[in-house]
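sharing a model that was predicted from the sequence below.
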Protein chains: 2
Amino acid sequence: MLTDRQLLILRAIIDDYIQTAQPVGSRTLSKRDDLTFSSATIRNDMADLEDMGLIEKPHTSAGRIPSEIGYRYYVDHLVEKQMIDEQETGRLEERLRQSSKESEILIRQAADLLSDLTNYTTVALGPNSQMETLARVDFMPLDERRGVVLIVTDQGHVEHRTVMFESRVAPEVIEETIRLLNDRLVGTSIGQLKIRIGEEVARLQLAQRQQYENMMQLIQSTVGIQTPSSLYLGGKKNIFNQPEFQTLDTLRPFLEWIDEQDRLTHWLESLPNREIYVSIGSENGIVALQHCSVITSDYTLDGETFGTIAMIGPTRMDYRHGVQMMGQIIEALRRTKLDE
Amino acid sequence: MLTDRQLLILRAIIDDYIQTAQPVGSRTLSKRDDLTFSSATIRNDMADLEDMGLIEKPHTSAGRIPSEIGYRYYVDHLVEKQMIDEQETGRLEERLRQSSKESEILIRQAADLLSDLTNYTTVALGPNSQMETLARVDFMPLDERRGVVLIVTDQGHVEHRTVMFESRVAPEVIEETIRLLNDRLVGTSIGQLKIRIGEEVARLQLAQRQQYENMMQLIQSTVGIQTPSSLYLGGKKNIFNQPEFQTLDTLRPFLEWIDEQDRLTHWLESLPNREIYVSIGSENGIVALQHCSVITSDYTLDGETFGTIAMIGPTRMDYRHGVQMMGQIIEALRRTKLDE
DNA sequence: GATTAGCACTCGTTAAATATGAGTGCTAAT
DNA sequence: ATTAGCACTCATATTTAACGAGTGCTAATC
């Protein structure tokens, strides 16, 4: 167990290091207003903190820096859950309101805001349309052999795909197919749509099958395309200002990783957390993020569960500020109404 | 005017430098099989080439490197227009064919291919929908107060937007509005759509206006959103392998510039070239690209003019190979059929 | 007259030598 | 239990010297 003084010192080391990115020495600490002890006393406590694995030294004659365990302790015990600052949240809400009412744009705006607020890189993941349900299927002919299949979800998201017929198809057949699909499949989740269309085809009478099978399979292939959830990166250039990313060895893996959209999406989707969660350094389980920490949270828009937003910075990130800003953004998003 | 030997030397210097990224000295050149002269002779010619501004030296005791003027001369006189390699183009066409028939995906694939082929970064710009014309407008109700407005272009591209009504609108009014718009506006270019809707509203009888104005303005606002042409970046990480981008001073401006999607799109759209064009260093007129060269070309897909594709590398790029690969990709795209 | 060998000179790069100083751990005094 | 004092460590910065690739010029050669 830590003594009060050790706690004070640990906190001071981390706060200082977060600000300066320089190892913190005992003399520097003893000059702080909130630490009235001599540097020797502090040195003794620092040795203890090091034994406990909370801090470490880059080399013999340097000051101390927090270890991952130290950051973890700091986040768990020293970052108090802060109250929502009503005024600030209001301001954020206002800025979101002004940008747009289109959810896609709102989310981008939220990511940009969060990034501006913290100077870290943010990633926002939109709704995973696999979870939404079919509200309507429609078909728009373009010319004799081409047309656009439209799939609208209950959330108002639209997917479309241009299809070609191998030969001319009678308009009645198309109309009837669409009617059939609308009758039978509205309410089905998008993820299951492909399978369900297959089932419907199987259920057709032999006579009908000849007519409709082709058309339905065409639509089935349309649905088959996995529609990736929309991903948005905000403040990517912020990383350039972080002292720990001033060398290619650290910068390159990070940039290469974050530009890999599919992997990034998958990673965000795999995070199981509903509320604000902090993941530190190697806890991320990703080599490219071993010197980064991530604050993630699911968010709701206008009350409905929507997606995930993440903030990525060096392990030496300002957790207190980051967590607070994250809280305010998701609160502002929650309050944002999509309609007027 | 250049003597034959000077031409040979200039070519050798540029070829060598493109490969090694190291200043080329007279002794190195004299050891080449295609240069049979002594290093002293070569030195004399090099001095002449330098006087003409075609090559320069980084410092007194280094070899020579090509100047921008030198690269320009090289590209204009020393890179012969190469024939399309039928076999290779066929292979590319095959790989494109296999990926998809969706134009968006095809273009991404083309950019990735070009990037793999050359190890440079590529940018592909899809069709600018402003130029396409309206094929159909439609509306899909979602619930009492929400619906999706769909705009389909003659090329089969779809834009959609969810709209909210302030109060319930009679289905007949909606239907009639859509009918009206379809009657009057099909064939209008997307760029002009907003203005044209305004004109139609103005033309309404006073009685009708009350009914439809609201609805039409809602649709107008939908169209108003500038639909950015689709942009795709391929092989962004290739830049990390270029020796001239191993320092943050050069890397950072480049990465910051290329991540600015709007600016990038605008830049690509502003290029007036129909055929393959090479732009070297400061010719680009962009600070972030002052040490880069760009090979751009418009491309057609299945015969129809479609968009622009660009290849970005250091000024020390392999122009010969780059131009050739660019030619083959746009040829492969031209031959790719969208339907079967 | 064109080419080439020879040589002094330049200057960026690398390596070794040295100095600096922030910070530590330990011991003894308070 | 705390603190002053001091020897010791080690990354960083600075200086110096050695190195060598490449040049320009001159004089000899074809």
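Happy to help now that I have it. Model, not experiment: these values are computed from the prediction. Numbering: from 1, shown residues only, chains lettered A, B, ... in the order given.

which residue ranges of the stretch 201-340 of chain A form strands?
Ranges of strands in the stretch 201-340 of chain A, per DSSP state E, counting those that start in this stretch, are A:231-234, A:277-280, A:292-301, A:304-314.

ranges for the helices of the stretch 151-300 of chain A?
A:171-185, A:190-203, A:206-224, A:248-258, A:261-270 (DSSP state H, counting those that start in this stretch).

ok now the last one, how far from the chain's centre?
Taking the mean C-alpha point of helix A:261-270 and that of its whole chain, the gap between them comes to 9 Å (CA atoms, centre = their mean, to the nearest Å).

what does the longest one give?
If you compare the mean C-alpha spot of helix A:206-224 with that of the full chain, they lie 37 Å apart, counting by CA atoms, centre = their mean.

now swap in the fourth one and tell me
Shown here is helix A:248-258, whose average C-alpha point lies 19 Å from the average C-alpha point of the whole chain (CA atoms, centre = their mean).

hmm, that helix in reach of DNA strand D?
No. Helix A:248-258 lies out of reach of DNA strand D by CB under 7 Å from any atom of the strand, never closer than 14.2 Å. No exception for glycine: its C-beta is placed from N, CA and C like everyone else's.

re earlier: now the strands of the stretch 201-340 of chain A in TSV, with mean neighbour count, mean pLDDT and distance to B:T41?
Compiled in TSV, these are given as follows (neighbours: other CB atoms under 10 Å in any protein chain shown; pLDDT from 0 to 100; distance: least, CB to CB, whole Å):
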stretch	mean neighbour count	mean pLDDT	distance to B:T41
strand A:231-234	19	94	56
strand A:277-280	21	96	65
strand A:292-301	22	95	57
strand A:304-314	22	92	57
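
which of the helices of the stretch 151-300 of chain A comes out lowest on mean pLDDT?
Among these, helix A:206-224 carries the lowest mean pLDDT, a mean of 71.

for the closest residue to A:E283 other than its chain neighbours, give its distance to A:I276.
Residue nearest to A:E283 in three dimensions, not counting chain neighbours: A:E68, with 7.3 Å by CB to CB, 6 or more residues apart in numbering or on different chains. Counting by CB to CB, to the nearest Å, the gap from A:E68 to A:I276 is 19 Å.

what's the local residue count around the residue nearest to A:T300 when sequence neighbours are not counted?
Once flanking residues are discounted, A:T300 sits nearest to A:R334: 5.0 Å by CB to CB, 6+ apart. For A:R334, the count of nearby residues is 16 (other CB atoms under 10 Å in any protein chain shown).

quick check: buried residues in the helix or strand that contains A:G70?
Assigned by DSSP states H and E, A:G70 belongs to helix A:68-73. Within helix A:68-73, the residues scored as buried using 16 or more other CB atoms under 10 Å in any protein chain shown are A:68, A:70-73.

closest one of those residues to A:R108?
For the buried residues of helix A:68-73, the minimum distance to A:R108 (CB to CB) is 29.8 Å, reached by A:Y71.

ok, the closest one touching A:C292?
No. Applying CB atoms under 8 Å as the test, A:Y71 and A:C292 come out as separate, 11.6 Å apart.

and for those two, which residues touch both?
A:281, A:315 (CB atoms under 8 Å, 6 or more residues apart in numbering or on different chains).

write out the residues of the stretch 201-340 of chain A neighbouring chain B.
Residues of the stretch 201-340 of chain A lying near chain B by CB under 8 Å from any CB of the partner chain: A:225, A:236-237, A:240, A:246-248, A:251-252, A:255-256, A:259, A:338-340.

which among the buried residues of helix A:68-73 gets closest to B:S115?
A:E68 (36.8 Å).

for the closest one, give me its contacts.
When contacts are counted by CB under 8 Å, 6+ apart, A:E68 touches A:280-283, A:315.

again, only this time at 10 Å
Neighbouring residues of A:E68 by CB atoms under 10 Å, 6 or more residues apart in numbering or on different chains: A:53-54, A:56, A:280-283, A:290-291, A:293, A:315.

now narrow those residues to whatever sits close to DNA strand D.
Among the contacts of A:E68, DNA strand D is touched by none when using CB under 7 Å from any atom of the strand.

quick check on these: which are buried?
For those, buried by 16+ other CB under 10 Å: A:54, A:56, A:280-281, A:283, A:290-291, A:293, A:315.

which two in those are spaced the farthest apart?
A:L54 and A:Q290 (18.9 Å).

mind checking how far whichever residue of chain A sits closest to DNA strand C is from DNA strand D?
For chain A, the residue closest to DNA strand C is A:G25, as judged by CB to the nearest atom of the strand, at 2.9 Å. A:G25 sits 12 Å away from DNA strand D, going by CB to the nearest atom of the strand, to the nearest Å.

residues near that residue, how many?
When neighbours are defined as other CB under 10 Å, A:G25 has 19 of them.
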